[in-house]
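**Student:** take a look and give me a structure for this.
(one chain, ligands or ions: 1)
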Amino acid sequence: MNRFITINKKINFFKKKEIFVDGDKSLSIRFVLLSSISEGKCSAINLLKSEDVLSAIKCVKKLGVKVKFEDNKCEISGKGLSGLEYKKNLILNAGNSGTTARLLCSLLVDTNFEIKIIGDQSLEKRDMNRIIKPLKKFGVNFKSNYGKLPLFILGTKSLKPISYTEKLGSAQCKSAIMIAALKARGETKLKCLPSRNHTELMFKNIFKIPIKIQKKKNFEHIKIKGQKKLKAFNYNIPGDISSASFFIVLTLLSKNKKLKIKNTNLNSSRTGIIKILKMMGAQIKLSKLKTYKGEKIGDIIIKSTNKLKAINLSYKLNSSAIDEFLLIFLVACRCKGISTFNNLSELNKKESKRLDWGIKILNLMGVKAKKIKNSGIKIWGNENFNLNKKIVIKNYLKDHRILMVSIIAGLTLGGKWKIFDSESYKTSFPSFIKTLRSLGAIIK
Ligand code: S3P
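**Tutor:** Below is the predicted model of the structure:
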(Lines give C-alpha, C1' and ligand atoms only; values in the text may rest on other atoms or scores of the structure.)
Protein backbone atom coordinates (compact mmCIF):
# COMPACT_ATOMS: atom_id res chain seq x y z
CA MET A 1 0.00 0.00 0.00
CA ASN A 2 1.28 3.44 -0.89
CA ARG A 3 0.56 5.37 2.29
CA PHE A 4 0.49 9.15 2.42
CA ILE A 5 1.10 11.97 4.87
CA THR A 6 -1.21 14.96 5.17
CA ILE A 7 -0.26 18.42 6.38
CA ASN A 8 -3.15 20.85 6.83
CA LYS A 9 -1.77 23.30 9.33
CA LYS A 10 1.34 25.42 9.79
CA ILE A 11 3.39 24.73 12.89
CA ASN A 12 2.08 27.01 15.61
CA PHE A 13 4.65 27.31 18.37
CA PHE A 14 7.72 25.24 19.24
CA LYS A 15 7.28 23.08 22.33
CA LYS A 16 11.06 22.77 22.67
CA LYS A 17 14.02 25.14 22.48
CA GLU A 18 16.58 22.62 21.33
CA ILE A 19 16.80 19.36 19.39
CA PHE A 20 19.33 16.79 18.18
CA VAL A 21 19.19 15.32 14.69
CA ASP A 22 20.27 11.79 13.68
CA GLY A 23 23.90 10.90 12.96
CA ASP A 24 25.69 12.05 9.81
CA LYS A 25 24.95 9.76 6.84
CA SER A 26 28.21 10.34 4.97
CA LEU A 27 30.26 9.62 8.10
CA SER A 28 28.11 6.60 9.04
CA ILE A 29 28.50 4.91 5.65
CA ARG A 30 32.24 5.65 5.65
CA PHE A 31 32.50 4.21 9.16
CA VAL A 32 30.79 0.97 8.04
CA LEU A 33 32.86 0.52 4.89
CA LEU A 34 36.26 1.59 6.25
CA SER A 35 35.95 -0.27 9.55
CA SER A 36 35.27 -3.45 7.50
CA ILE A 37 38.79 -3.27 6.04
CA SER A 38 40.47 -2.15 9.27
CA GLU A 39 42.44 -4.43 11.60
CA GLY A 40 40.02 -5.71 14.25
CA LYS A 41 37.31 -4.20 16.45
CA CYS A 42 36.00 -0.73 15.55
CA SER A 43 33.09 1.01 17.23
CA ALA A 44 30.81 3.94 16.48
CA ILE A 45 28.55 5.82 18.86
CA ASN A 46 25.45 7.43 17.34
CA LEU A 47 25.77 5.65 14.00
CA LEU A 48 22.82 6.63 11.80
CA LYS A 49 20.37 3.71 11.70
CA SER A 50 18.73 4.73 8.44
CA GLU A 51 17.94 2.49 5.48
CA ASP A 52 20.99 3.71 3.51
CA VAL A 53 23.35 2.81 6.34
CA LEU A 54 21.56 -0.50 6.95
CA SER A 55 22.09 -1.32 3.24
CA ALA A 56 25.83 -0.71 3.68
CA ILE A 57 25.82 -2.96 6.77
CA LYS A 58 23.98 -5.78 4.95
CA CYS A 59 26.55 -5.61 2.12
CA VAL A 60 29.62 -5.86 4.39
CA LYS A 61 27.99 -8.70 6.37
CA LYS A 62 27.75 -10.65 3.10
CA LEU A 63 31.51 -10.14 2.79
CA GLY A 64 32.08 -11.91 6.11
CA VAL A 65 32.20 -8.83 8.35
CA LYS A 66 30.63 -9.12 11.82
CA VAL A 67 28.42 -6.22 12.94
CA LYS A 68 26.93 -5.90 16.42
CA PHE A 69 24.58 -3.29 17.91
CA GLU A 70 24.37 -2.53 21.60
CA ASP A 71 22.32 0.49 22.75
CA ASN A 72 23.77 3.46 20.89
CA LYS A 73 26.96 1.64 19.92
CA CYS A 74 27.76 -0.25 16.72
CA GLU A 75 30.74 -2.60 16.74
CA ILE A 76 32.31 -3.81 13.51
CA SER A 77 35.06 -6.43 13.41
CA GLY A 78 37.26 -5.40 10.50
CA LYS A 79 38.86 -8.06 8.34
CA GLY A 80 41.90 -6.11 7.21
CA LEU A 81 42.71 -4.50 3.86
CA SER A 82 42.71 -7.79 1.97
CA GLY A 83 40.54 -9.91 4.25
CA LEU A 84 37.01 -9.50 2.80
CA GLU A 85 35.46 -12.90 1.99
CA TYR A 86 34.68 -13.09 -1.70
CA LYS A 87 32.47 -15.96 -2.82
CA LYS A 88 30.93 -17.20 -6.06
CA ASN A 89 27.57 -15.72 -7.08
CA LEU A 90 27.59 -12.99 -4.49
CA ILE A 91 24.91 -10.31 -4.95
CA LEU A 92 25.17 -7.09 -2.93
CA ASN A 93 22.16 -4.78 -2.73
CA ALA A 94 22.94 -1.09 -2.13
CA GLY A 95 19.22 -0.26 -1.84
CA ASN A 96 18.68 3.46 -2.44
CA SER A 97 22.20 4.53 -1.52
CA GLY A 98 24.50 5.99 -4.19
CA THR A 99 27.27 6.42 -1.62
CA THR A 100 27.06 2.72 -0.67
CA ALA A 101 27.01 1.49 -4.28
CA ARG A 102 29.91 3.66 -5.40
CA LEU A 103 32.16 3.32 -2.36
CA LEU A 104 31.43 -0.41 -2.08
CA CYS A 105 32.87 -0.95 -5.57
CA SER A 106 36.14 0.56 -4.34
CA LEU A 107 36.29 -2.02 -1.53
CA LEU A 108 35.82 -4.82 -4.06
CA VAL A 109 38.65 -3.89 -6.43
CA ASP A 110 40.58 -7.06 -5.46
CA THR A 111 37.70 -9.57 -5.63
CA ASN A 112 38.67 -12.83 -7.34
CA PHE A 113 35.01 -13.76 -8.01
CA GLU A 114 32.60 -11.69 -10.02
CA ILE A 115 30.26 -9.80 -7.65
CA LYS A 116 26.90 -8.38 -8.75
CA ILE A 117 25.80 -5.00 -7.37
CA ILE A 118 22.12 -4.13 -7.48
CA GLY A 119 19.96 -1.32 -6.14
CA ASP A 120 16.37 -0.09 -6.01
CA GLN A 121 14.41 1.56 -8.83
CA SER A 122 15.94 4.97 -8.12
CA LEU A 123 19.54 3.75 -7.78
CA GLU A 124 19.19 1.80 -11.04
CA LYS A 125 18.75 5.12 -12.85
CA ARG A 126 21.97 6.63 -11.47
CA ASP A 127 25.30 6.96 -13.21
CA MET A 128 27.94 4.41 -12.22
CA ASN A 129 30.31 5.30 -15.07
CA ARG A 130 31.78 8.02 -12.86
CA ILE A 131 33.41 5.28 -10.75
CA ILE A 132 33.66 2.52 -13.38
CA LYS A 133 35.98 4.69 -15.50
CA PRO A 134 38.63 5.39 -12.84
CA LEU A 135 38.40 1.94 -11.22
CA LYS A 136 38.98 0.32 -14.64
CA LYS A 137 42.26 2.27 -14.81
CA PHE A 138 43.37 0.48 -11.61
CA GLY A 139 42.88 -2.80 -13.51
CA VAL A 140 39.35 -3.70 -12.36
CA ASN A 141 36.85 -5.31 -14.78
CA PHE A 142 33.23 -4.24 -15.02
CA LYS A 143 30.12 -5.28 -16.89
CA SER A 144 27.23 -2.89 -16.49
CA ASN A 145 23.90 -1.90 -17.90
CA TYR A 146 25.19 1.01 -20.05
CA GLY A 147 27.03 2.52 -17.07
CA LYS A 148 24.17 1.83 -14.63
CA LEU A 149 23.17 -0.91 -12.19
CA PRO A 150 23.02 -3.85 -12.11
CA LEU A 151 26.76 -4.18 -12.55
CA PHE A 152 29.30 -6.96 -12.21
CA ILE A 153 32.75 -6.29 -10.79
CA LEU A 154 35.78 -8.56 -11.07
CA GLY A 155 38.92 -7.27 -9.40
CA THR A 156 42.61 -8.02 -9.51
CA LYS A 157 45.30 -8.62 -6.90
CA SER A 158 47.77 -6.47 -8.83
CA LEU A 159 46.15 -3.06 -8.78
CA LYS A 160 48.10 -0.30 -10.53
CA PRO A 161 48.08 3.22 -9.07
CA ILE A 162 46.45 5.78 -11.35
CA SER A 163 46.41 9.46 -12.27
CA TYR A 164 42.88 10.79 -12.68
CA THR A 165 41.02 14.06 -13.06
CA GLU A 166 37.57 14.21 -11.41
CA LYS A 167 35.51 17.03 -12.92
CA LEU A 168 32.06 16.48 -11.39
CA GLY A 169 32.87 17.74 -7.90
CA SER A 170 31.60 14.40 -6.60
CA ALA A 171 32.78 13.24 -3.18
CA GLN A 172 31.54 9.75 -3.94
CA CYS A 173 33.72 9.55 -7.02
CA LYS A 174 36.75 11.08 -5.24
CA SER A 175 36.29 8.75 -2.25
CA ALA A 176 35.95 5.65 -4.45
CA ILE A 177 39.29 6.46 -6.06
CA MET A 178 40.91 7.21 -2.69
CA ILE A 179 39.73 3.92 -1.15
CA ALA A 180 40.81 1.87 -4.18
CA ALA A 181 44.22 3.61 -3.98
CA LEU A 182 44.75 2.06 -0.53
CA LYS A 183 44.99 -1.37 -2.15
CA ALA A 184 47.18 -0.36 -5.14
CA ARG A 185 50.95 -0.69 -5.11
CA GLY A 186 52.41 2.83 -5.51
CA GLU A 187 51.09 6.38 -5.50
CA THR A 188 47.70 7.41 -6.92
CA LYS A 189 47.41 11.00 -8.09
CA LEU A 190 43.97 12.55 -8.12
CA LYS A 191 43.04 16.01 -9.39
CA CYS A 192 39.47 16.90 -8.41
CA LEU A 193 36.98 19.70 -8.04
CA PRO A 194 36.21 20.44 -4.37
CA SER A 195 33.57 18.32 -2.61
CA ARG A 196 32.92 17.09 0.94
CA ASN A 197 36.23 15.97 2.45
CA HIS A 198 35.25 13.34 5.06
CA THR A 199 37.34 10.60 3.43
CA GLU A 200 40.46 12.81 3.42
CA LEU A 201 39.89 13.71 7.09
CA MET A 202 39.43 10.06 8.09
CA PHE A 203 42.56 8.99 6.18
CA LYS A 204 44.63 11.75 7.82
CA ASN A 205 43.24 11.90 11.35
CA ILE A 206 42.21 8.30 12.00
CA PHE A 207 44.49 6.11 9.90
CA LYS A 208 47.38 8.62 9.96
CA ILE A 209 47.94 8.03 6.23
CA PRO A 210 50.34 10.71 4.96
CA ILE A 211 48.12 11.87 2.08
CA LYS A 212 49.18 15.07 0.33
CA ILE A 213 46.55 17.65 -0.57
CA GLN A 214 47.35 20.82 -2.49
CA LYS A 215 44.96 23.47 -3.78
CA LYS A 216 45.79 24.84 -7.23
CA LYS A 217 43.27 27.19 -8.88
CA ASN A 218 39.88 25.46 -8.85
CA PHE A 219 41.27 21.96 -8.29
CA GLU A 220 42.55 19.94 -5.38
CA HIS A 221 45.51 17.63 -6.00
CA ILE A 222 45.55 14.56 -3.76
CA LYS A 223 48.33 11.97 -3.59
CA ILE A 224 47.86 8.67 -1.75
CA LYS A 225 50.19 5.72 -1.45
CA GLY A 226 48.97 2.12 -1.18
CA GLN A 227 48.80 0.87 2.43
CA LYS A 228 49.48 -2.45 4.15
CA LYS A 229 47.10 -1.97 7.12
CA LEU A 230 44.42 0.34 8.49
CA LYS A 231 44.32 0.41 12.28
CA ALA A 232 41.05 -0.21 14.15
CA PHE A 233 39.28 2.95 15.30
CA ASN A 234 36.38 4.38 17.31
CA TYR A 235 34.14 7.18 16.13
CA ASN A 236 31.55 9.37 17.81
CA ILE A 237 29.25 10.45 14.98
CA PRO A 238 27.84 14.01 15.13
CA GLY A 239 24.42 15.07 13.81
CA ASP A 240 23.96 15.44 10.07
CA ILE A 241 23.92 19.03 8.78
CA SER A 242 21.74 17.85 5.87
CA SER A 243 19.12 16.63 8.37
CA ALA A 244 19.55 19.74 10.55
CA SER A 245 18.83 21.87 7.45
CA PHE A 246 15.15 20.85 7.46
CA PHE A 247 14.85 22.33 10.95
CA ILE A 248 16.91 25.40 10.05
CA VAL A 249 14.42 26.18 7.27
CA LEU A 250 11.41 25.22 9.43
CA THR A 251 12.51 27.82 11.97
CA LEU A 252 13.58 30.44 9.44
CA LEU A 253 10.24 30.43 7.58
CA SER A 254 8.00 30.24 10.66
CA LYS A 255 6.87 33.25 12.73
CA ASN A 256 8.81 34.42 15.83
CA LYS A 257 10.68 31.22 16.49
CA LYS A 258 14.13 30.28 17.70
CA LEU A 259 15.78 26.84 17.79
CA LYS A 260 19.10 25.32 18.79
CA ILE A 261 20.26 22.19 16.92
CA LYS A 262 22.92 20.52 19.02
CA ASN A 263 26.10 18.63 18.21
CA THR A 264 25.96 18.93 14.42
CA ASN A 265 28.73 18.37 11.89
CA LEU A 266 29.81 21.81 10.68
CA ASN A 267 32.59 20.77 8.30
CA SER A 268 32.93 23.73 5.91
CA SER A 269 32.65 21.43 2.89
CA ARG A 270 29.06 20.76 4.09
CA THR A 271 27.86 24.12 5.44
CA GLY A 272 27.02 25.79 2.12
CA ILE A 273 23.37 26.07 3.23
CA ILE A 274 24.33 28.18 6.25
CA LYS A 275 26.47 30.51 4.11
CA ILE A 276 23.74 30.80 1.45
CA LEU A 277 20.90 31.42 3.94
CA LYS A 278 22.98 34.09 5.69
CA MET A 279 23.47 35.78 2.30
CA MET A 280 19.66 35.71 1.98
CA GLY A 281 19.31 37.48 5.35
CA ALA A 282 18.96 34.58 7.83
CA GLN A 283 20.17 34.95 11.40
CA ILE A 284 22.21 31.85 12.15
CA LYS A 285 24.83 31.52 14.86
CA LEU A 286 27.22 28.67 15.59
CA SER A 287 28.32 27.91 19.13
CA LYS A 288 30.29 25.37 21.20
CA LEU A 289 32.60 24.78 18.25
CA LYS A 290 35.21 22.05 18.54
CA THR A 291 37.24 19.83 16.23
CA TYR A 292 36.83 16.07 16.44
CA LYS A 293 39.03 13.83 14.28
CA GLY A 294 39.40 16.73 11.85
CA GLU A 295 35.63 17.43 11.63
CA LYS A 296 34.26 20.73 12.95
CA ILE A 297 31.27 20.17 15.27
CA GLY A 298 28.98 22.53 17.16
CA ASP A 299 25.48 23.85 17.85
CA ILE A 300 23.40 25.85 15.35
CA ILE A 301 21.11 28.62 16.62
CA ILE A 302 18.53 29.95 14.20
CA LYS A 303 15.83 32.64 14.40
CA SER A 304 12.85 33.31 12.13
CA THR A 305 12.85 36.40 9.96
CA ASN A 306 10.50 38.03 7.48
CA LYS A 307 13.26 40.06 5.88
CA LEU A 308 14.72 37.61 3.38
CA LYS A 309 16.29 38.86 0.17
CA ALA A 310 16.79 37.19 -3.20
CA ILE A 311 20.20 35.88 -4.21
CA ASN A 312 22.16 35.32 -7.43
CA LEU A 313 24.26 32.39 -6.30
CA SER A 314 27.69 31.64 -7.71
CA TYR A 315 28.19 27.94 -8.56
CA LYS A 316 31.18 27.91 -6.17
CA LEU A 317 28.99 27.06 -3.18
CA ASN A 318 27.07 24.32 -5.02
CA SER A 319 29.02 21.29 -3.85
CA SER A 320 28.91 22.32 -0.18
CA ALA A 321 25.10 22.56 -0.33
CA ILE A 322 24.40 19.87 -2.92
CA ASP A 323 21.82 17.97 -0.83
CA GLU A 324 20.11 21.14 0.45
CA PHE A 325 19.00 22.89 -2.75
CA LEU A 326 15.34 21.89 -2.49
CA LEU A 327 15.24 23.65 0.88
CA ILE A 328 17.09 26.69 -0.47
CA PHE A 329 14.53 26.91 -3.32
CA LEU A 330 11.77 26.94 -0.70
CA VAL A 331 13.43 29.85 1.10
CA ALA A 332 13.72 31.69 -2.25
CA CYS A 333 9.88 31.66 -2.47
CA ARG A 334 9.78 33.91 0.62
CA CYS A 335 12.54 36.28 -0.56
CA LYS A 336 11.98 39.73 -1.91
CA GLY A 337 13.01 39.58 -5.57
CA ILE A 338 14.14 37.02 -8.13
CA SER A 339 16.74 34.43 -7.12
CA THR A 340 18.95 32.52 -9.54
CA PHE A 341 21.05 29.39 -9.05
CA ASN A 342 23.45 28.06 -11.67
CA ASN A 343 25.32 24.94 -12.83
CA LEU A 344 23.09 22.49 -10.98
CA SER A 345 23.15 19.60 -13.47
CA GLU A 346 24.33 17.22 -10.69
CA LEU A 347 21.00 17.82 -8.90
CA ASN A 348 19.21 15.92 -11.64
CA LYS A 349 21.47 12.92 -10.97
CA LYS A 350 20.38 12.38 -7.37
CA GLU A 351 17.74 9.98 -5.96
CA SER A 352 15.26 11.75 -8.25
CA LYS A 353 15.68 14.56 -10.77
CA ARG A 354 15.76 17.15 -8.01
CA LEU A 355 16.20 20.22 -10.20
CA ASP A 356 13.12 19.28 -12.23
CA TRP A 357 11.22 18.31 -9.10
CA GLY A 358 12.16 21.60 -7.41
CA ILE A 359 10.57 23.53 -10.28
CA LYS A 360 7.55 21.22 -10.36
CA ILE A 361 6.83 21.58 -6.63
CA LEU A 362 7.25 25.39 -6.72
CA ASN A 363 4.91 25.61 -9.73
CA LEU A 364 2.33 23.42 -7.95
CA MET A 365 2.58 25.87 -5.06
CA GLY A 366 1.81 28.71 -7.47
CA VAL A 367 5.37 30.12 -7.40
CA LYS A 368 6.87 31.22 -10.69
CA ALA A 369 10.04 29.21 -11.23
CA LYS A 370 11.76 28.01 -14.38
CA LYS A 371 14.88 26.34 -15.66
CA ILE A 372 17.48 28.64 -17.17
CA LYS A 373 20.50 27.82 -19.34
CA ASN A 374 23.51 26.13 -17.70
CA SER A 375 21.19 23.85 -15.70
CA GLY A 376 20.12 26.72 -13.50
CA ILE A 377 16.86 27.82 -11.94
CA LYS A 378 15.17 31.19 -11.54
CA ILE A 379 12.64 31.70 -8.72
CA TRP A 380 10.32 34.68 -8.39
CA GLY A 381 10.00 35.27 -4.62
CA ASN A 382 7.53 37.23 -2.52
CA GLU A 383 8.23 38.09 1.13
CA ASN A 384 4.50 37.74 1.96
CA PHE A 385 4.10 34.42 0.16
CA ASN A 386 1.42 32.26 1.74
CA LEU A 387 -0.15 29.11 0.38
CA ASN A 388 -3.81 28.31 0.24
CA LYS A 389 -3.96 25.38 -2.17
CA LYS A 390 -4.29 21.62 -2.26
CA ILE A 391 -1.04 19.98 -3.31
CA VAL A 392 -0.46 16.30 -4.06
CA ILE A 393 3.12 14.97 -4.31
CA LYS A 394 3.54 11.48 -5.78
CA ASN A 395 5.63 9.32 -8.13
CA TYR A 396 8.88 10.97 -7.04
CA LEU A 397 10.90 7.71 -6.89
CA LYS A 398 10.55 7.77 -3.09
CA ASP A 399 13.25 10.47 -2.87
CA HIS A 400 13.56 11.08 0.91
CA ARG A 401 14.47 14.74 0.46
CA ILE A 402 11.38 15.44 -1.70
CA LEU A 403 9.12 14.04 1.02
CA MET A 404 10.85 15.99 3.80
CA VAL A 405 10.99 19.30 1.90
CA SER A 406 7.28 19.00 1.06
CA ILE A 407 6.47 18.52 4.75
CA ILE A 408 8.54 21.59 5.69
CA ALA A 409 6.76 23.59 2.94
CA GLY A 410 3.34 22.64 4.37
CA LEU A 411 4.37 23.42 7.95
CA THR A 412 5.78 26.86 7.11
CA LEU A 413 4.07 28.21 4.01
CA GLY A 414 0.61 26.66 4.52
CA GLY A 415 -1.69 24.83 2.09
CA LYS A 416 -3.20 21.38 2.26
CA TRP A 417 -0.60 18.77 1.35
CA LYS A 418 -0.98 15.08 0.55
CA ILE A 419 2.39 13.42 0.12
CA PHE A 420 2.67 9.77 -0.96
CA ASP A 421 5.42 7.27 -0.06
CA SER A 422 5.22 8.44 3.52
CA GLU A 423 8.04 6.20 4.79
CA SER A 424 10.80 7.47 2.52
CA TYR A 425 12.31 9.78 5.19
CA LYS A 426 13.70 6.61 6.80
CA THR A 427 16.35 6.49 4.05
CA SER A 428 18.36 9.24 5.73
CA PHE A 429 16.56 10.64 8.81
CA PRO A 430 14.49 8.05 10.73
CA SER A 431 13.57 10.39 13.59
CA PHE A 432 12.41 13.23 11.28
CA ILE A 433 8.66 12.89 11.92
CA LYS A 434 9.12 12.17 15.63
CA THR A 435 11.30 15.28 16.04
CA LEU A 436 8.80 17.45 14.13
CA ARG A 437 5.95 16.17 16.32
CA SER A 438 8.00 16.82 19.46
CA LEU A 439 8.21 20.47 18.36
CA GLY A 440 4.43 20.62 17.90
CA ALA A 441 3.89 19.82 14.21
CA ILE A 442 0.61 18.16 13.28
CA ILE A 443 1.36 15.41 10.78
CA LYS A 444 -1.20 12.77 9.91
C1 S3P B 1 27.88 12.04 -0.52
C2 S3P B 1 28.22 12.88 -1.54
C3 S3P B 1 27.25 13.64 -2.34
C4 S3P B 1 25.88 13.69 -1.69
C5 S3P B 1 25.47 12.38 -1.12
C6 S3P B 1 26.48 11.86 -0.11
C7 S3P B 1 28.95 11.33 0.20
O8 S3P B 1 27.13 13.07 -3.62
O9 S3P B 1 24.91 14.14 -2.61
O10 S3P B 1 24.20 12.50 -0.49
O11 S3P B 1 28.69 10.80 1.30
O12 S3P B 1 30.08 11.28 -0.30
P13 S3P B 1 28.19 13.39 -4.78
O14 S3P B 1 29.52 13.17 -4.22
O15 S3P B 1 27.90 12.42 -5.88
O16 S3P B 1 27.92 14.81 -5.19
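
**Student:** around the ligand, pick out the residues from the stretch 201-350 of the chain.
**Tutor:** Selection of the stretch 201-350 of the chain residues close to the ligand by C-beta under 6 Å from any ligand atom yields Ile322, Asp323, Glu346. Using the backbone N, CA and C atoms, a C-beta is placed for each residue, glycine as well.

**Student:** switch the cut-off to 8 Å
**Tutor:** Neighbours of the ligand within the stretch 201-350 of the chain, by C-beta under 8 Å from any ligand atom: Ser242, Ser319, Ile322, Asp323, Glu346, Lys349, Lys350.

**Student:** now, which of those lie within helices?
**Tutor:** Ser242 (DSSP state H).

**Student:** near the ligand, which residues of the stretch 1-150 of the chain?
**Tutor:** Counting by C-beta under 8 Å from any ligand atom, the stretch 1-150 of the chain sits next to the ligand at Lys25, Ser26, Ile29, Arg30, Gly98, Thr99, Arg102, Leu103, Arg130.

**Student:** and those as TSV, adding neighbour count and secondary structure?
**Tutor:** As requested, these are arranged in TSV below (neighbours: other C-beta atoms under 10 Å; DSSP: H, G, I helix; E, B strand; the rest coil):
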residue	neighbour count	secondary structure
Lys25	23	helix
Ser26	25	helix
Ile29	26	helix
Arg30	23	helix
Gly98	22	helix
Thr99	22	helix
Arg102	25	helix
Leu103	28	helix
Arg130	19	helix
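
**Student:** tell me the one of the residues of the stretch 201-350 of the chain next to the ligand nearest Lys215?
**Tutor:** Nearest to Lys215 among those is Ser319, at 14.2 Å by C-beta to C-beta.

**Student:** how about the strands of the stretch 1-150 of the chain, start to end?
**Tutor:** Assigned by DSSP state E, counting those that start in this stretch, the stretch 1-150 of the chain shows strands spanning 4-7, 18-20, 39-45, 66-70, 73-79, 90-93, 115-118, 141-145, 148-154.

**Student:** mind putting these into TSV with mean neighbour count?
**Tutor:** Output for the strands of the stretch 1-150 of the chain, formatted as TSV (neighbours: other C-beta atoms under 10 Å):
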stretch	mean neighbour count
strand 4-7	19
strand 18-20	16
strand 39-45	17
strand 66-70	12
strand 73-79	20
strand 90-93	18
strand 115-118	20
strand 141-145	14
strand 148-154	18
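
**Student:** could those strands go into a markdown table alongside distance to Ser254 and mean pLDDT?
**Tutor:** Converted to a markdown table, the strands of the stretch 1-150 of the chain look like this (distance: least, C-beta to C-beta, whole Å; pLDDT from 0 to 100):
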| stretch | distance to Ser254 | mean pLDDT |
| --- | --- | --- |
| strand 4-7 | 13 | 98 |
| strand 18-20 | 14 | 98 |
| strand 39-45 | 32 | 97 |
| strand 66-70 | 36 | 97 |
| strand 73-79 | 35 | 98 |
| strand 90-93 | 39 | 98 |
| strand 115-118 | 42 | 98 |
| strand 141-145 | 45 | 98 |
| strand 148-154 | 40 | 98 |
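
**Student:** re the thing from before, of the residues of the stretch 1-150 of the chain next to the ligand, closest to the ligand?
**Tutor:** Of all these, the ligand sits closest to Ser26, with 3.3 Å by C-beta to the nearest ligand atom.

**Student:** now do that closest one, the pLDDT please.
**Tutor:** Here the pLDDT value assigned to Ser26 is 99.

**Student:** going forward, begin numbering at 4 instead of 1
**Tutor:** Sure, I'll start numbering at 4, so the last one becomes Ser29.

**Student:** which residue is the nearest non-sequential neighbour of it?
**Tutor:** Of all residues not flanking Ser29 in the chain, His201 sits nearest, at 5.3 Å (C-beta to C-beta, 6 or more residues apart in numbering).

**Student:** my read: the one you found touches Asn270, true?
**Tutor:** Yes. If you go by C-beta atoms under 8 Å, His201 and Asn270 touch, sitting 7.1 Å apart.

**Student:** hey, where'd the helices end up in the stretch 154-303 of the chain?
**Tutor:** For the stretch 154-303 of the chain, the helices defined by DSSP state H, counting those that start in this stretch cover 174-186, 201-208, 244-256, 275-282.

**Student:** now for the first one, which elements pack on it?
**Tutor:** Applying 3 or more C-beta pairs under 8 Å, 6 or more residues apart in numbering; DSSP states H and E, we find helix 174-186 packed against helix 28-39, helix 101-110, helix 132-141, strand 166-169, strand 190-195, helix 201-208, strand 222-228.

**Student:** contacting residues around the second one?
**Tutor:** This means helix 101-110. For helix 101-110, the external contacting residues (C-beta atoms under 8 Å, 6 or more residues apart in numbering) are 28-29, 32-33, 36, 39-40, 55, 58-59, 62, 66, 87, 95, 97, 120, 122, 126, 129, 131, 133-135, 138, 143, 152, 154, 156, 175-176, 178-183, 353-354.

**Student:** out of the residues of the stretch 4-153 of the chain next to the ligand, who's nearest Ala444?
**Tutor:** Nearest member of those to Ala444, counting by C-beta to C-beta, is Lys28, at 22.4 Å.

**Student:** hang on, the earlier thing: list residues touching both of His201 and Asn270?
**Tutor:** Both His201 and Asn270 are contacted by Glu298, under the criterion C-beta under 8 Å, 6+ apart.

**Student:** for the protein, give me the ranges with low pLDDT.
**Tutor:** 4 (pLDDT under 70).

**Student:** try 90
**Tutor:** Applying pLDDT under 90 to the chain flags residues 4-5.

**Student:** and the closest residue to Asn5 other than its chain neighbours, how many neighbours?
**Tutor:** The spatially closest residue to Asn5, leaving aside those adjacent along the chain, is Phe423, at 5.3 Å (C-beta to C-beta, 6+ apart). Residues within reach of Phe423, counting by other C-beta atoms under 10 Å, total 17.
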